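> pasting a predicted model and its sequence here:
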Amino acid sequence: PTVFDALASDDGGSSSSSSGSGDDDEIITAAENQGKRSLEQQVFFEDLTQIREDEDVVLEAVYGEYYSKEDGVWGYPILCVHVRPPDIKDEQLSAELTLKVQLVKKYPLVSPSIQFENVKGLSENKQKELRKQLKQKCRSLTEKGEPMVCELVQCVEEFLVANNFDPTISEWDQMNKRKEEDEKAAKEDERKLLEEAHHSRTGENNSNSHLMNDFEEERIKKEYERQIE
């Protein structure tokens, strides 16, 4: 059975024997169904355990010394990744944090609990905004039943990049720089829209041109046939 086979209904499987069977047959059938459910649940949780172990290996390989684990509730670990904006020098760094993901029994089919520690450079409102984004990401990933810590870390990295202020540059200069970047991005989006509109019009013109050519060919053909007659 797969992970998703274990999510099947617990209605007890097939019904008991025909009305003529005795109490002993019903007891045996109930015991068999219970044993089947227990086996399915065992396989189900073994599959989830393997998924979590595989994710642990990946996180350690990708994040190295920035990754660690802590003991969590009910024997499930807390996965911790210290996140910094990528490709930013230490002297230009102002925003960073430790992302702590508390796994639960049915993770990754159920969203984990998320906490921040050692937060630097993010206001309370910014942290709420980031936490909201991560919860939305969790909901979308639980539908697929996929490990999600790497994707959560990537979301945090993108958020930190957008909210990192270079301490070596004045706030005024950074605001102007971001304004220029936003204007540049807006112009690029506008250019793409204009190109799409142009291609759309060109396609319509070509289509109309083909229709005119077909009409002209038909007219010439009929004129030729009339002259022959």
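Happy to help now that I have it.
> output the below-cut-off pLDDT ranges for this structure.
The chain contains residues with pLDDT under 70 at 1-46, 170-174, 177, 202-216, 221, 224, 227-229.
> how about the helices of it, start to end?
23-63, 124-142, 149-163, 171-228 (DSSP state H).
> surely residue 137 meets residue 150?
No - between residue 137 and residue 150 there is no contact under C-beta atoms under 8 Å: 11.2 Å. Placement of C-beta: from N, CA and C, glycine included.
> so what's the residue count around the closest residue to residue 161 other than its chain neighbours?
Leaving aside its sequence neighbours, residue 161 sits nearest to residue 85 (C-beta to C-beta, 6 or more residues apart in numbering; 4.5 Å). By other C-beta atoms under 10 Å, 20 other residues sit near residue 85.
> distance of residue 85 relative to residue 128?
As defined by C-beta to C-beta, to the nearest Å, residue 85 lies at a distance of 19 Å from residue 128.
> same check on residue 188?
30 Å.
> contacts for stretch 50-68?
Residues from elsewhere that reach stretch 50-68 (C-beta atoms under 8 Å, 6 or more residues apart in numbering): 3, 69, 79-83, 103, 107-108, 147, 149-150, 153.
> show me the two of these that sit farthest apart.
Farthest-apart pair in these is 3 and 82; separation 30.7 Å (C-beta to C-beta).
> what sits against residue 91?
167, 168.
> residue 73 against residue 102, yeah?
Yes - counting by C-beta under 8 Å, residue 73 sits close enough to residue 102 to count as a contact (7.0 Å).
> tell me which of the two has more neighbours.
residue 102 (18 against 10).
> how far away is the more buried one from residue 188?
40 Å.
> ChimeraX command to pick out the buried ones of the contacts of stretch 50-68?
Selecting the buried subset of those in ChimeraX, with 16 or more other C-beta atoms under 10 Å as the burial test, is done by:
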select :3,79,80,81,82,83,103,107,108,147,149,153
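> from residue 152, how far off is the closest residue to residue 138 other than its chain neighbours?
Spatial nearest neighbour of residue 138, chain neighbours left out: residue 111 (4.0 Å); criterion: C-beta to C-beta, 6+ apart. Distance check for residue 111 against residue 152: by C-beta to C-beta, it reads 10 Å.
> repeat that for residue 124.
Residue 124 is 20 Å from residue 152, by C-beta to C-beta.
> and for residue 111 and residue 152, which residues touch both?
residue 138.
> these two: who's more crowded?
The neighbour comparison of residue 111 against residue 152 (other C-beta under 10 Å) goes to residue 152, with 23 against 18.
> for the more buried one, which non-adjacent residue is spatially closest?
Once flanking residues are discounted, residue 152 sits nearest to residue 134: 5.6 Å by C-beta to C-beta, 6+ apart.
> burial of the one you found, as a residue count?
Neighbours of residue 134 using other C-beta under 10 Å come to 23.
> now do the contacts for it.
Contacts of residue 134 by C-beta under 8 Å, 6+ apart are 114, 152, 155, 156.
> separation between residue 51 and residue 97?
Separation of residue 51 from residue 97 (C-beta to C-beta): 26 Å.
> with neighbour numbers in mind, choose between those two.
Neighbours around residue 51 and residue 97, counted as other C-beta under 10 Å, are more numerous at residue 97. The numbers are 22 against 17.
> residue contacts, the more buried one?
82, 83, 116, 117, 118, 119, 120, 122, 156, 160.
> please name the nearest non-neighbouring residue to the second one.
Leaving out its chain neighbours, the residue that sits closest to residue 83 by C-beta to C-beta, 6+ apart is residue 156, at 4.5 Å.
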